[in-house]
Every structure is written in C-alpha cells, then in structure tokens.
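Colleague: Just a sequence and a predicted model for now, questions to come.
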Amino acid sequence: MTPLETRTLERLITRRNHLAGLTSARKERRWVDLMRQVDAAIGAIEVGTWGICAVCHDPMSPSRLAEDPLLTVCLECLSEADRRALERDLQSAGKVQRTLLPPTHVAQDGWDVAYHWEPRGVVSGDHVDLIPPSAPGAPLHLVLGDVSGKGVAAALLQSHLHALFRALVPAGQSLPDLFKRANELFAEATSSVSYATLAALRLGCDGSFSIANAGHPRPLLADGRGVRPIEGGGLPLGLFCDSVYTERDLKLQPGQTLLLYTDGWTEGARGDREFGIGRAAAALRKGAALPLPELLASCRAELDRFLDGSPRGDDLTLVAVRRAV
C-alpha cells in the first residue's frame, strides 16, 4: 500500500465512522449514498484498484485523488455535462476566493501597502490579507502565505488560513504566540502532508514593525545602500503541533521599501534556470523609487522578461510596504 493509500484509508475510515452515526439517525438518501461511495473507496484501496479510472482503466492523478478520494473517473473520461459542471464550480470558487482579498492598495496610519495577486489557474494557494486595526492606535497586520499543493485543495486550505488569522489577530497576541496557535489549529484541521509557509508583519503607527516567518521566502529590504534579505524564521505551519516561532522588531525608515513574495516569483523557471533571489533583488533595486503599484508591475515584468515565453508554474503574489511621506 502506498503512503497516499495509507493516509487516504485512515481518512475514509474516520469519515465512515462519522457517517455511520448520521445514516443510523436520519437515514437520509444523501448520507446513505455518500456512505456507499466511502465504502466503495475503502474496498478499492484494500483490493488494490483505488485510483484506477472506471472508464479507461488508466491511473488517475494522485493530486486529484488527494483532493477527492471518492473519484472513480479521470478528467479525460468525464461526460460533457460533468465537465461543464466542474468548470462552473471552479469559476464559482475563484469568485468566492477573490471576495476574501483586501484592497490592492492601502494607505493607513502612515503605512503604504500594495500587492499583486496572480493565480496560475482559476484559484490560488497563495494567501494575502491586510487585517485592519482592532481599535484606534492598534497595529495593522499584513499576512502573506503559500499553501502546499495546487488547485482547489490548496484554495480550500488558503480560505482556512484566512479564517484562522481573521479570528486570532484581534486577540492581540504577539506574533510568536499568534503563529503558535495558528499552527496548532492548522495542523489539527489538515492532513499530515499539508502545510503552509507564512510571513506576517505587525505594523505600528510610528513606523516600527514586528515580523515573524514560518518557512516563507525571506523578505527583501531596499534602501540607499542596496537590497538585503531579512533573516529569521521557523517551520511552516502544519508540520508539527509543537513548533516554536520568534519575531524580529524593526523600523522602516522613509525611503526604504520592504518586499514580500511567494516562491512563484523567485522559482519561476526557464529550462533548468530559476529567476532566483539575485534577479529578484535586482528587480527591486531597479524599481525601488517607483510608486508601489508601478514597482510591483516592474517586478512582475522582470519575471516575464526572464521566462521569455516559458509558462509560469505556480501562483504568484508580491507585496510591497513603505512608510508614507
């Protein structure tokens, strides 16, 4: 039995136990039908036929099976009606995800923050949020994350991250305590193979800020002396329930620009060459004097120039932060 089959069997048995209580209490058709599908998937895993398309008999995509272990037909064998229904569901999911995004350019309490969010497909596993101060004088919170996986499964986990931080931030915890609690909840609610890298800023009204990092690419700080990464970090959320996190306290001076990004920017590849941190730093240095929306567009254009027509392989998010002058 493969690791995916082992994990899936555990999930399905747990799901079946929950369904058993529902079907015995309510005997509604939908619960009975779902129970049959779960039983069929469990049986297929046990006899070694799980993940084989019932129509063409070819193996189905492991990523799709991880998202939906009850699948019995591959995408290529779906009926036209089922394909249209799937496309409608994806479009609806994309619209819902976009409603969760903050405004793309925010000026508040002396901070100037802008971002560029670009899914590779209809939905994204990149998470970006600006959480307003809970009271006058309270800090503004910026959260940027990248969920493991692709497609709908990653988008569902991204929405879970959104809800977690929206619920936890108003409690006023330090960033390490906030990350610790979010990590515990995220690990409890997701599978053992799911995780998320994350960086968060707590932006004070006086230009000071705290930053915590959970396995996310290092932010870049640009000033008159050049571009340098902000070091520090811990393990991604969801790997271990007892992970410990730290924060750094810094101050952003007028004329400095802080750039955060997901790895869809630095890991964009042409052949066996990646865009990389060196080109990322050069792109920031080149556009550091531009207004934030133009800086983000310039950084994005540098990646396109490097790719030279090669397809982008991942979701992409860029976030720029300055002190307003």
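Modeller: It's in.

Colleague: Which parts of this protein are helices?
Modeller: All helices of the chain, identified by DSSP state H, fall at 3-26, 29-47, 62-67, 80-99, 151-168, 175-189, 263-266, 276-287, 292-307.

Colleague: Just say which of the ones you listed is most tucked in.
Modeller: helix 263-266 (a mean of 22; mean count of other Cβ atoms under 10 Å). Using the backbone N, CA and C atoms, a C-beta is placed for each residue, glycine as well.

Colleague: picking up where we left off before, between the helices of the chain, which one is closest to residue 218.
Modeller: helix 276-287 (8.0 Å; Cβ to Cβ).

Colleague: if we can go back for a sec, could you dump the helices of the chain into a markdown table and include mean pLDDT?
Modeller: Listed next are the helices of the chain as a markdown table, based on pLDDT from 0 to 100:
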| stretch | mean pLDDT |
| --- | --- |
| helix 3-26 | 75 |
| helix 29-47 | 84 |
| helix 62-67 | 76 |
| helix 80-99 | 77 |
| helix 151-168 | 88 |
| helix 175-189 | 92 |
| helix 263-266 | 95 |
| helix 276-287 | 97 |
| helix 292-307 | 97 |
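
Colleague: how about those in a markdown table, adding distance to residue 234?
Modeller: Listed next are the helices of the chain as a markdown table, based on distance: least, Cβ to Cβ, whole Å:
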| stretch | distance to residue 234 |
| --- | --- |
| helix 3-26 | 25 |
| helix 29-47 | 35 |
| helix 62-67 | 26 |
| helix 80-99 | 27 |
| helix 151-168 | 16 |
| helix 175-189 | 7 |
| helix 263-266 | 17 |
| helix 276-287 | 20 |
| helix 292-307 | 26 |
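
Colleague: wait, which of those is closest to residue 316?
Modeller: Closest among the helices of the chain, using Cβ to Cβ: helix 263-266, at 3.7 Å.

Colleague: How about residues contacting that closest one?
Modeller: 118, 120, 126, 146, 197, 217, 274-277, 280, 299, 303, 312-318 (Cβ atoms under 8 Å, 6 or more residues apart in numbering).

Colleague: ok, back up a step: so which of the helices of the chain comes closest to residue 230?
Modeller: helix 276-287 (12.3 Å).

Colleague: Which residues does that closest one contact?
Modeller: 218, 220, 222, 226-227, 229, 257, 259, 261, 265-266, 294-295, 298-299, 302-303, 306.

Colleague: Residue 33 is in contact with residue 19, correct?
Modeller: No - applying Cβ atoms under 8 Å as the test, residue 19 and residue 33 come out as separate, 10.3 Å apart.

Colleague: buried subset of the contacts of helix 263-266?
Modeller: 118, 120, 126, 146, 197, 217, 275, 277, 280, 299, 303, 312, 314-318 (16 or more other Cβ atoms under 10 Å).

Colleague: residues in contact with the closest residue to residue 46 other than its chain neighbours?
Modeller: In space, residue 46 comes closest to residue 9 once its chain neighbours are excluded; the distance is 7.8 Å by Cβ to Cβ, 6 or more residues apart in numbering. Shown in contact with residue 9 (Cβ under 8 Å, 6+ apart): 1, 42, 45, 46.
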